[in-house]
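A.B. asks: Here you go, sequence then predicted model.
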Amino acid sequence: MAVYDPDPVYGERLAEYVSHRGQVPFSVTAFTSLERLKAYARDHEIELLLIHSSVPAEEAEKIGAARVIRLAGEEEEYEEGGPVQIYKYQAADSMMREVMACYCSAEGEPVFAGVSGTGRIIGIYSPVNRCLKTSLALTMGQLMARDLKVLYLNLEDCSGLKRLTGEEYRGGLSELLYYYSQNEFNWGRLGSLVYTWGDLDYVPPVRYPEDLFQVTAQSMADLVERIARESTYEAVILDLGQFGAKALEVLEICDVVYMPVKEDCVSAAKIEEFEEYLVSSGHEPLKSRIQKLKLPYHCSPGRKDNYLEQLLWGELGDYTRQLLRKQP
């Protein structure tokens with residue numbers, strides 16, 4: 001991917017961000033000189049070109065990039081049916097979602113280099129309710145994302161994530177499941193749906209609970225495995241929620257499963273029943289990968305506007321740091 005913008009600070013920062021986040025499956029080079037860009041294009045194939053809208057469309061086409069997206073400033077007017085263009089002065093992660101959406105929706109088959117990933121799959125699951133399962137998953141994801149590329153996937157039918165992050169989502173897991181069912185899933189599709197909260201990448205949960213009910217457990221497991229195998233994410237954290245009988249199929253692909261538990265008799269009974277089900281359903285080997293955790297509870301009710309900070313710097317954050325230090 002090549003980026004041309006006369007502003008050297010803009011182009012370099014965008015290229016640096018894209019390279020660091022790994023949200024698009026390309027190496028990125030920034031140019032502030034149109035002549036240097038043309039010289040580079042004579043000896044290198046450019047799959048995707050982001051070019052300042054001041055460059056005439058005919059001249060941009062002569063560069064020979066497979067696909068061209070124009071970077072429009074605030075004063076630009078978007079022409080219906082004209083060249084593909086996006087607003088350049090927006091959050092970088094939002095911009096990259098637009099870039100990948102435009103790239104994947106263009107005519108012709110998107111070209112992606114093969115990626116041989118070895119992403120670790122971490123499951124967070126418990127048959128016990130109100131056990132801080134999601135809080136643990138978000139805390140672990142944030143802490144791991146400081147050193148690794150981590151993707152968080154929430155498989156709950158009602159996650160509350162939109163309220164916590166304050167984001168307005170244009171797409172998420174519902175769209176990802178659709179692309180997969182139509183054999184249209186690829187790294188670009190994934191990149192067009194990835195949002196960032198703090199240091200953690202995530203795909204917004206399903207829009208409607210029915211979207212989860214309609215997917216088979218095997219399809220969900222296959223999709224997660226493809227993400228871990230074909231993307232640059234070094235870890236995928238699955239927040240399974242109450243995924244019912246489907247949870248076992250997905251848990252089977254996890255390298256480790258963290259299971260928050262509580263000490264009351266009802267919770268203990270649920271854990272025993274779950275373990276009996278593992279045996280009767282032929283999933284007993286899964287027990288060796290499950291780590292039961294008794295999590296510290298919050299001392300005060302959490303507030304939505306700074307809940308992330310509370311997770312990281314409260315008792316749960318300290319507990320999770322200790323947990324991660326013990327892991328291989």
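C.D. replies: Thanks, I have it.
A.B. asks: what's downstream of the helix or strand bottoming out on mean pLDDT in the chain, the next helix or strand?
C.D. replies: Least confident helix or strand of the chain, by mean pLDDT, DSSP states H and E, is helix 307-313 with a mean of 81. Next in sequence after helix 307-313, counting helices and strands by DSSP states H and E, comes helix 315-326.
A.B. asks: so which strand or helix has the residue most central in space within the chain?
C.D. replies: Against the mean C-alpha coordinate of the chain, by CA atoms, centre = their mean, the closest residue is Y202 at 3.4 Å. Assigned by DSSP H and E, Y202 belongs to strand 200-203.
A.B. asks: Could you tell me which other helices and strands the next helix-or-strand element following that strand packs against?
C.D. replies: Later in the chain than strand 200-203, the nearest helix or strand by DSSP H and E is helix 209-213. On a contact count with 3 or more CB pairs under 8 Å, 6 or more residues apart in numbering; DSSP states H and E, helix 209-213 meets helix 173-181. From N, CA and C alone the C-beta is placed, and that goes for glycine too.
A.B. asks: How far off centre is the next helix or strand after the helix it packs on?
C.D. replies: Next along the chain after helix 173-181, taking DSSP H and E as the criterion, comes helix 187-191. Between the centre of helix 187-191 and the centre of its chain there are 9 Å (CA atoms, centre = their mean, to the nearest Å).
A.B. asks: what does the average pLDDT come to for helix 187-191?
C.D. replies: Taken as a whole, helix 187-191 has a mean pLDDT of 85.
A.B. asks: so what does it touch, helix or strand wise?
C.D. replies: Using 3+ CB pairs under 8 Å, 6+ apart, helix 187-191 is in contact with helix 92-105, helix 173-181.
A.B. asks: Pick out the shakiest of these, pLDDT-wise.
C.D. replies: When the helices and strands packed on helix 187-191 are compared by mean pLDDT, helix 92-105 comes last with a mean of 86.
A.B. asks: and it, C-alpha only, in PDB?
C.D. replies: Extracted C-alpha coordinates of helix 92-105, given in PDB (Å, rounded to 0.1, in the frame of the first residue of the first chain):
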ATOM      1  CA  ALA A  92      -7.000   6.400  11.900                       C
ATOM      2  CA  ASP A  93      -8.800   3.100  12.900                       C
ATOM      3  CA  SER A  94     -12.000   4.400  11.400                       C
ATOM      4  CA  MET A  95     -10.200   5.400   8.300                       C
ATOM      5  CA  MET A  96      -8.700   2.000   7.900                       C
ATOM      6  CA  ARG A  97     -12.100   0.300   8.300                       C
ATOM      7  CA  GLU A  98     -13.300   2.500   5.400                       C
ATOM      8  CA  VAL A  99     -10.200   1.700   3.300                       C
ATOM      9  CA  MET A 100     -10.600  -2.000   3.700                       C
ATOM     10  CA  ALA A 101     -14.400  -1.800   3.100                       C
ATOM     11  CA  CYS A 102     -13.700   0.100  -0.200                       C
ATOM     12  CA  TYR A 103     -10.900  -2.300  -1.200                       C
ATOM     13  CA  CYS A 104     -13.000  -5.400  -0.600                       C
ATOM     14  CA  SER A 105     -16.100  -4.000  -2.300                       C
END
